[in-house]
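Novice: attaching a predicted model along with its sequence, questions to come.
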Amino acid sequence: MSVYDPRYFMPSSTTIKLLLNLPPRGCKFRLNKISGIDLLTDFLLTISDCQDEQEPMLYQFSYYLSYEDYISDIKNSTTLNINYFNDFDAPTTLSTVLPIG
């Protein structure tokens with residue numbers, strides 16, 4: 001980054017080191033059932049085979065109530081419409097009932 005101030009002959013500069021955390025590779029998502037009744041059927045959500053240099057990894061399961069909400073968040077680079085089942089945690093499985101929708 002360079003900053004120029006016309007009162008001085010030489011521009012000022014600084015270097016900022018940014019560490020980026022890339023998403024894990026090779027992750028697989030499994031759902032133990034392909035159908036059920038919302039708010040009644042227990043589903044088991046599982047993440048497996050994730051590979052990452054930075055461990056331990058924490059997991060969070062989330063959902064959207066509609067495809068339109070998902071597309072809106074993607075287009076606007078936000079997570080305003082996302083709903084979370086849990087906070088970030090180490091377990092790779094979550095047993096839950098799914099919401100209406």
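Specialist: That came in fine, so what should we check first? Fair warning: this is a prediction, and the values are worked out from it, not measured in the lab. Numbering: from 1, shown residues only.

Novice: scan the chain for its longest strand.
Specialist: In the chain, assigned by DSSP state E, the strand with the most residues is strand 42-48.

Novice: against which helices or strands is the following helix or strand past that one packed?
Specialist: Where DSSP states H and E defines the elements, the next helix or strand beyond strand 42-48 is strand 62-63. The contact analysis (3 or more CB pairs under 8 Å, 6 or more residues apart in numbering; DSSP states H and E) places strand 62-63 against strand 83-84. Where C-beta positions appear, they are placed from N, C-alpha and C, glycine not excepted.

Novice: give the rounded mean pLDDT of the strand it packs on.
Specialist: The pLDDT scores in strand 83-84 average 94.

Novice: distance from that strand to the middle of the chain?
Specialist: Relative to the chain's own centre, strand 83-84 is displaced by 11 Å; criterion: CA atoms, centre = their mean, to the nearest Å.

Novice: quick one: contacts of it?
Specialist: By CB atoms under 8 Å, 6 or more residues apart in numbering, the residues outside strand 83-84 that reach it are 60-65, 99.

Novice: quote the end-to-end distance of stretch 59-69.
Specialist: 22 Å (CA to CA, to the nearest Å).

Novice: relative to Leu40, how far out is the residue most central in space within the chain?
Specialist: Nearest to the mean C-alpha position of the chain, by CA atoms, centre = their mean, lies Gln60 at 7.4 Å. The spacing between Gln60 and Leu40, counted by CB to CB, to the nearest Å, is 24 Å.
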